[in-house]
Every structure is written in C-alpha cells, then in structure tokens.
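1. Build the 3D model from these lines:
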Amino acid sequence: MTITDGKTVAIIYTLTLENGQVIDSNVDEEPLTYIQGEEQLVFGLEQALAGKQAGETLKVRIAPEDGYGPISADAYIDIPLEQLPEDGRRPGAVITAVGPQGQELEGVVASIGEQTATIDFNHPLAGEVLHFDVTILRVD
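-> Purely as a prediction, here's the structure:
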C-alpha cells in the first residue's frame, strides 16, 4: 500500500545533523506511527514519504525551511533579570515561559546583561539541515 493522505504509517528512523551527530532514533524501539497529511512530522519528511510503500528504506536531507525553520531574530526576547529564577541567570540555562495563548514555551538563555537576559525561543533544531534514515514498516 502506498503512503497517501489519511494513511497510518509506521516507521523506524534515525535523525542526524550535517556533522553526523545523532539527535534522535527509534531503532530497536517501538516504531513511530503517524497519519500522513496530518502534519505530525516535519514538513520535509512527510513530503519525502508521500508515495512510498512499506518495506522501502530511504535517506532524506531536509533543509531548515522544510524542517524546524531558519533561526529567527524575532525569537530572541529580552527579559528583565528579576523575572528569571536564580539558576536561570546564566548562558545556556533552559527556562520555561508562558506564551501569548497560555502555551508553555522553552527557551535558552543566550546572554546576560546588567539588567536583562536575552532568551532564545527558536526551536533547538532551527537552522539545522536534518538527515533522516527511514525504514517504512507498515502502511494501513
């Protein structure tokens, strides 16, 4: 059966960056199951899987624009230091904030100034070229 919108697909994958660093993998674990066309995967991977069949193995290179997006300068926000917990007042600290719609956002302290900290709310994989090695196990 071919992967088309609405089909339930099970895959095994390994995600690496350009430098070969493994970021995620479900090899020797439970398969990842998703519904094609429901935007449950990064855009570029879902597009690459369209039209493929169970049993196929593929290598997919995904540009940032089709993955987690480019790094956005707008995602860097200055926050008064007094709004940060003590352990969050250092570069590299991971903090959690509440977004405009009440959603939880995770950011990384990019820099600390005298009065403010600059927090990077870009996705951790923004700006990265993604490499997926995928085996399609099942298409229902």
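2. just how off-centre is the helix or strand of the chain with the lowest mean pLDDT within its chain?
-> Ranked by mean pLDDT, DSSP states H and E, the weakest helix or strand in the chain is strand 94-98, scoring a mean of 90. Averaging C-alpha positions (Cα atoms, centre = their mean, to the nearest Å) puts strand 94-98 17 Å from its chain's average.
3. Which neighbours in the sheet does the next helix or strand along the chain from that strand have, and how are they oriented?
-> Per DSSP states H and E, the first helix or strand lying C-terminal to strand 94-98 is strand 104-112. Applying DSSP bridges, strand 104-112 is found paired with strand 94-98 (antiparallel), strand 116-120 (antiparallel).
4. which of those is buried the deepest?
-> strand 116-120 (a mean of 19; mean count of other Cβ atoms under 10 Å). C-beta coordinates here come from the backbone N, C-alpha and C atoms, glycine included.
5. Only the C-alpha atoms, please, for that one, written as PDB.
-> Provided in PDB are the C-alpha atoms of strand 116-120 (Å, rounded to 0.1, in the frame of the first residue of the first chain):
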ATOM      1  CA  THR A 116      18.200  41.800  31.200                       C
ATOM      2  CA  ALA A 117      18.800  38.400  29.800                       C
ATOM      3  CA  THR A 118      18.300  37.500  26.200                       C
ATOM      4  CA  ILE A 119      16.300  34.300  25.800                       C
ATOM      5  CA  ASP A 120      16.400  32.300  22.500                       C
END
